[in-house]
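S.K.: coords below, sequence missing:
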């Protein structure tokens with residue numbers, strides 16, 4: 001009899017020639033369990049998705065209840081659906097007055113695509129500025145603003161008139177001009193290995209965009225929903241974007257993304273032509289139900305308020321390992337830099353053997369990614385820290 005692993009390798013398209021190929025039977029909290037009953041502590045949250053852990057009972061219940069009421073009814077934007085309006089009401093209550101119009105999509109890449117479209121149409125300009133080592137997704141437009149030539153060049157020709165600047169270099173901001181439609185940036189560069197902007201850098205970027213009439217897009221697909229210690233990272237930056245992108249943890253484990261702007265900006269896709277941006281499954285009611293419940297739990301249980309102290313505990317424990325060259329951290333998004341990519345892979349493999357899932361970064365092979373569910377306890381952090389320090393010391 002053919003196994004699930006064989007089907008996985010033979011019939012499902014592979015993203016690399018070395019997938020983990022672990023078969024997970026169920027997951028709960030910060031733990032996943034294989035079909036042979038091995039416990040694996042999840043320290044990456046499905047790449048910053050499962051902020052409330054796996055199988056949170058309230059989220060599971062909201063998914064079940066909404067599925068019993070109705071699932072897909074009509075393409076997004078035509079029918080009034082309570083799960084969508086509930087989510088929109090929650091999000092707008094947390095956002096400033098300039099970010100009150102929400103377009104719901106299925107993923108982060110789709111949020112990027114929508115944002116680039118409305119920026120060009122609203123401004124009437126074509127130039128897009130992004131940053132080296134940025135990651136914004138793998139679809140055509142999102143790939144065009146990715147800050148890595150290896151990934152871009154394999155799929156040329158991409159969008160024209162895209163300029164990449166060096167991240168954290170204030171002098172380069174003068175290249176933003178009256179010809180620039182938008183600047184897209186991660187307020188903390190995730191796949192670059194948790195690169196944090198210097199003090200005042202994002203404020204200077206905001207000022208330059210305002211001076212030139214350029215729309216500023218913050219990609220908070222990884223940093224949003226409490227990951228860095230506030231609901232949205234821009235709250236820490238004294239810089240508000242014109243367009244905000246969310247996904248990953250937004251759906252509380254379900255596929256959901258959003259691009260958010262002012263009504264004035266968003267209205268550019270409602271006319272000339274009408275239906276200027278459409279999606280069949282965006283804002284799926286079951287996904288929206290999960291998202292709303294997740295946000296309510298984050299707020300009710302004050303989980304975000306614990307993120308910084310948990311991240312600091314992790315950092316203090318891992319600082320003891322002499323193999324660690326540097327730790328870069330924003331809340332519970334961490335990069336642990338080692339001496340070489342080979343050492344990173346060795347540590348990740350050994351930790352997996354010991355029941356702990358870690359990962360690396362697309363554009364920083366010398367660093368280990370740690371981004372556990374925000375619900376991780378102090379006891380679990382100490383357990384994970386002890387395993388990792390022992391592996392690093394060995």
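M.R.: Alright, I've got the coordinates. Small disclaimer: the values here were computed from a predicted structure and weren't measured.

S.K.: now do the contacts for the most centrally placed residue in the chain.
M.R.: Centroid-nearest residue in the chain: residue 222, 2.1 Å away (criterion: C-alpha atoms, centre = their mean). Contact partners of residue 222, counting by C-beta atoms under 8 Å, 6 or more residues apart in numbering, are 47-48, 186, 188, 190, 248, 333. Placement of C-beta: from N, CA and C, glycine included.

S.K.: now tabulate those in JSON lines and tack on secondary structure, pLDDT and neighbour count.
M.R.: Written out in JSON lines, the entries for those read as follows (DSSP: H, G, I helix; E, B strand; the rest coil; pLDDT from 0 to 100; neighbours: other C-beta atoms under 10 Å):
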{"residue": "47", "secondary structure": "helix", "pLDDT": "96", "neighbour count": "15"}
{"residue": "48", "secondary structure": "helix", "pLDDT": "97", "neighbour count": "24"}
{"residue": "186", "secondary structure": "coil", "pLDDT": "98", "neighbour count": "27"}
{"residue": "188", "secondary structure": "coil", "pLDDT": "98", "neighbour count": "25"}
{"residue": "190", "secondary structure": "coil", "pLDDT": "97", "neighbour count": "29"}
{"residue": "248", "secondary structure": "helix", "pLDDT": "98", "neighbour count": "26"}
{"residue": "333", "secondary structure": "strand", "pLDDT": "98", "neighbour count": "25"}
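
S.K.: CSV for those residues, including distance to residue 228?
M.R.: Output for the contacts of residue 222, formatted as CSV (distance: C-beta to C-beta, whole Å):
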residue, distance to residue 228
47, 15
48, 10
186, 11
188, 6
190, 10
248, 13
333, 6
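
S.K.: go through the residues you listed and say which is closest to residue 98.
M.R.: The shortest separation between residue 98 and any of these is 19.7 Å, and it belongs to residue 186 (by C-beta to C-beta).

S.K.: which SSE is the residue nearest to the centre of the chain in?
M.R.: Take DSSP states H and E as the rule and residue 222 turns out to sit in neither a helix nor a strand.

S.K.: any idea how far residue 16 is from it?
M.R.: Plainly put, residue 222 is 20 Å away from residue 16 if you go by C-beta to C-beta, to the nearest Å.

S.K.: likewise for residue 354?
M.R.: 23 Å.

S.K.: which of those two has more neighbours?
M.R.: Legend: neighbour count by other C-beta atoms under 10 Å for residue 354 and residue 16, higher for residue 354 (13 against 6).

S.K.: much appreciated, bye for now.
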